[in-house]
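[1] sequence first, predicted model second:
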Amino acid sequence: MQYCRRCKAWIENPARRCPLCQGVLEGEPEPEGQLFPDVTRTTSRIEFGFRVFTFVCVALAVVGCAANMIFLSQVFWGGFVAAAVGCMWILTAVGLLKRRNLLKNTLWQMVLLSGIFLLWDFLTGYRGWSLEYAIPIVILLVFPILTVMVKVMKLPAVYYMVYYILACGAGIFQLLLLPVGILKMEIPCILCGTVSCLVLAGLVIFQGKSFWDEVKKKVHM
């Protein structure tokens with residue numbers, strides 16, 4: 001049986017590292033003590049696949065910049081290629097890191113996509129399309145995606161409530177941009193804020209107990 005000095009605990013299930021502190025284990029594992037399926041191979045395949053993907057992304061960025069310099073274009077489009085590849089790599093990396101919690105993964109993708117769209121808008125000479133179209137559409141898409149996952153996985157309210165609340169908060173925040181006067185096209189923003197308010201009202205009316213329990217939990221009341 002293996003032993004962890006840091007946790008002062010015996011580990012029955014054979015492992016390379018302590019499941020509590022990830023420290024090095026002492027002793028030899030006992031094959032008959034296998035309690036859980038070995039997921040090491042699956043994890044190794046995912047890590048190897050991600051490394052291949054990372055290499056392909058780097059190759060695309062380097063080749064794009066090299067081609068741009070060879071053909072001496074007046075516009076440095078190779079930089080845009082590298083930036084696009086970098087954004088794709090970030091979204092994929094976060095998706096893999098948060099793959100065990102699909103609801104949280106969806107919210108992370110919403111935040112990252114919003115930030116990426118806003119960054120691209122500023123890098124290409126701000127025209128406002130990120131705030132007027134892209135971000136409201138991303139937030140609106142989050143609601144049906146969350147609903148489908150909740151229905152398919154048959155999750156109780158306590159598991160999904162916080163993610164709906166955060167998405168609603170992001171949508172309602174869009175309405176705060178209207179008085180500022182930085183939006184030329186206000187319809188997507190108004191639609192996003194309206195849907196968010198309706199979803200939030202539905203949560204309060206139909207899932208009131210779970211909603212207020214989650215709010216109290218987050219504000220430590």
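    All right, it came through fine. Residues are numbered from 1 along each chain as shown.

[2] correct me, but residue 142 touches residue 110?
    Yes: the pair residue 142 and residue 110 qualifies as a contact (Cβ atoms under 8 Å) at a distance of 5.1 Å. Any C-beta I mention is one placed from the backbone N, CA and C, and that applies to glycine too.

[3] tell me how many other residues crowd residue 217.
    By other Cβ atoms under 10 Å, the residues close to residue 217 number 12.

[4] tell me the phi and psi of it?
    Backbone geometry at residue 217, expressed as degrees, to the nearest 10, gives phi -70, psi -40.

[5] tell me the secondary structure for residue 3?
    Using DSSP: H, G, I helix; E, B strand; the rest coil, the structure places residue 3 in strand.

[6] got the contact list for it?
    Contacts for residue 3 (Cβ atoms under 8 Å, 6 or more residues apart in numbering) come out as 9-11, 25-27.

[7] identify those among those that sit within strands.
    9-11 (DSSP state E).

[8] quick one: the helices in this protein?
    Secondary structure of the chain (DSSP state H): helices located at 40-71, 77-97, 102-123, 129, 135-153, 157-175, 187-206, 208-219.

[9] got the angle for the second one vs helix 40-71?
    For helix 77-97 and helix 40-71, the angle between their directions (axes from the mean of the first three to the mean of the last three Cα atoms, to 10 degrees) works out to 170 degrees.

[10] and helix 77-97, what does it pack against?
    Under the contact definition 3 or more Cβ pairs under 8 Å, 6 or more residues apart in numbering; DSSP states H and E, helix 77-97 sits against helix 40-71, helix 102-123.

[11] what about residue 152, distance to residue 165?
    21 Å (Cβ to Cβ, to the nearest Å).

[12] of these two, which one has the most company?
    Counted by other Cβ under 10 Å, residue 152 and residue 165 do not tie: residue 165 has more neighbours, with 17 against 9.

[13] for the nearest residue to residue 102 once chain neighbours are set aside, give me its contacts.
    Nearest non-adjacent residue to residue 102, counting by Cβ to Cβ, 6 or more residues apart in numbering: residue 149, 5.4 Å away. Counting by Cβ under 8 Å, 6+ apart, residue 149 touches 102-103, 106, 155.

[14] so which two of those are the farthest from each other?
    Using Cβ to Cβ, the two most remote members of the contacts of residue 149 are 106 and 155, lying 12.7 Å apart.

[15] neighbour-wise, which of these two wins?
    residue 106 (18 against 15).

[16] what's near enough to touch the more buried one?
    142, 145-146, 149, 163.

[17] where does the chain have low pLDDT?
    Applying pLDDT under 70 to the chain flags residues 13-14, 29-43, 220-221.

[18] quick check, central residue of it?
    residue 108 (2.6 Å; Cα atoms, centre = their mean).

[19] that one and residue 218: what is the separation?
    Taking Cβ to Cβ, one finds residue 108 at 18 Å from residue 218.

[20] again, but for residue 21
    Distance, residue 21 to residue 218, using Cβ to Cβ: 29 Å.
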